[in-house]
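**Student:** I'll drop the sequence and a predicted model, then ask my questions.
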Amino acid sequence: MSAPAMAAATISSAEEVAARTQGLDWDRAARDLDAAGNAILEGLLSPDECRSLAGLYPADDIFRSRIVMARHGFGRGEYKYFSYPLPELVAALRTALYPHLAPIANRWNEALGIDVRYPEQHADFIARCHEAGQRKPTPLLLQYQADDFNCLHQDVYGEQVFPLQVAILLSQPGRDFTGGEFVMTEQRPRMQSRAEVVPLSQGDAVVFTVRSRPVQGTRGVYRVNLRHGVSRIRSGHRHTVGIIFHDAL
């Protein structure tokens with residue numbers, strides 16, 4: 001990793017990120033996830049940290065691949081997957097967020113009758129991914145400009161899937177870009193899809209469902225499927241960092 005890129009990614013230490021994450025209202029986040037499949041973590045990153053991470057985009061030596069969405073029918077815009085070792089701030093976020101989400105993931109799997117349980121620490125789950133051949137890191141940095149968008153999709157990269165992920169908005173709506181809302185859709189059995197726009201400011205994170213979640217119905221718990229995307233950017237530039245907890249094949 002180049003010296004400027006390394007410096008830009010280490011504004012906060014892993015200990016500082018862990019302490020900041022520990023102070024979030026995780027009870028409220030769990031309730032929001034149960035109710036809607038998403039939860040906002042306000043002010044997870046500072047403006048300086050946001051600018052730092054967005055500024056990594058040109059540093060090709062820290063990424064393993066670049067995806068131009070239009071070439072694959074994913075939308076318009078592009079993103080890059082980080083290489084291992086991850087930038088310190090990205091690695092710290094992945095490590096610090098996971099232990100708060102694993103109990104929710106385990107509770108959801110129990111409700112859905114899924115036998116899989118997730119370990120308390122992210123390193124142990126990554127070891128499970130690597131044993132299954134999923135060794136490619138999945139945290140990514142996304143870049144959009146005017147008229148770009150991200151089609152509704154699910155980030156599933158192999159048999160090992162952690163059911164929650166996090167996206168952090170690095171740009172400021174109304175100043176850096178307009179449009180470009182984070183959007184989710186939920187498909188319940190025998191019902192039309194429900195759409196939701198999740199409002200975010202710079203530094204806010206959204207925790208959301210990767211693929212499906214349990215819902216309590218009158219006849220018991222049932223599964224609903226969700227997808228996420230980004231609406232059309234109307235002006236400016238938008239950057240987001242995505243924290244996916246499972247690795248890829």
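**Tutor:** Alright, I've got the coordinates.

**Student:** Report the mean per-residue pLDDT for the helix ranked longest in the chain.
**Tutor:** In the chain, taking DSSP state H as the definition, the longest helix is helix 88-112. Averaged over helix 88-112, pLDDT sits at 97.

**Student:** chain center to it, what's the gap?
**Tutor:** For helix 88-112, the distance between its averaged C-alpha position and the chain's averaged C-alpha position is 11 Å (Cα atoms, centre = their mean, to the nearest Å).

**Student:** Report the contact partners of the closest residue to residue 244 other than its chain neighbours.
**Tutor:** Take residue 244 and drop its neighbours on the chain: the residue closest to it by Cβ to Cβ, 6 or more residues apart in numbering is residue 138, 4.0 Å away. Every residue, glycine included, has its C-beta placed from N, CA and C. Residue 138 sits next to 81, 155, 157, 242, 244, 246, 247, 248 when contact means Cβ atoms under 8 Å, 6 or more residues apart in numbering.

**Student:** Residue 47: how many residues sit nearby?
**Tutor:** When neighbours are defined as other Cβ atoms under 10 Å, residue 47 has 12 of them.

**Student:** Then residue 156?
**Tutor:** Residue neighbour count, defined by other Cβ under 10 Å, stands at 13 for residue 156.

**Student:** From residue 81, how far off is the nearest residue to it once chain neighbours are set aside?
**Tutor:** Using Cβ to Cβ, 6+ apart and skipping the chain neighbours, the partner closest in space to residue 156 is residue 211 (6.1 Å). Taking Cβ to Cβ, to the nearest Å as the measure, residue 211 and residue 81 are separated by 19 Å.

**Student:** The one residue sitting closest to the centre of the chain bridge partners, please.
**Tutor:** Most central in the chain under Cα atoms, centre = their mean is residue 166, positioned 2.6 Å from the mean C-alpha point. When assigned by DSSP bridges, residue 166 has beta-bridge partners residue 207, residue 243.

**Student:** Which residues are in contact with it?
**Tutor:** With contact set as Cβ under 8 Å, 6+ apart, residue 166 has these partners: 41, 93, 97, 205, 206, 207, 208, 242, 243.

**Student:** now for the residues you listed, which pair is the farthest apart?
**Tutor:** Taking Cβ to Cβ, the two most distant members of those are 93 and 208; they sit 15.2 Å apart.

**Student:** For those two, indicate the residue with more neighbours.
**Tutor:** Here residue 93 and residue 208 are compared on neighbour count by other Cβ under 10 Å; more neighbours surround residue 93, at 28 against 22.

**Student:** what sits against the nearest residue to that one once chain neighbours are set aside?
**Tutor:** In space, residue 93 comes closest to residue 243 once its chain neighbours are excluded; the distance is 5.6 Å by Cβ to Cβ, 6+ apart. Under the criterion of Cβ under 8 Å, 6+ apart, the contact partners of residue 243 comprise 90, 93, 94, 97, 139, 165, 166, 167, 168.

**Student:** Please name the bridge partners of the closest residue in space to residue 194 that isn't next to it in sequence.
**Tutor:** Counting by Cβ to Cβ, 6+ apart, residue 194 lies nearest to residue 186, which is 4.7 Å off, once chain neighbours are set aside. Following DSSP bridges, residue 186 is listed with bridge partners residue 194, residue 226.

**Student:** hang on, isn't residue 186 packed against residue 196?
**Tutor:** Yes - checked against Cβ atoms under 8 Å, the pair residue 186 and residue 196 is within contact range at 7.4 Å.
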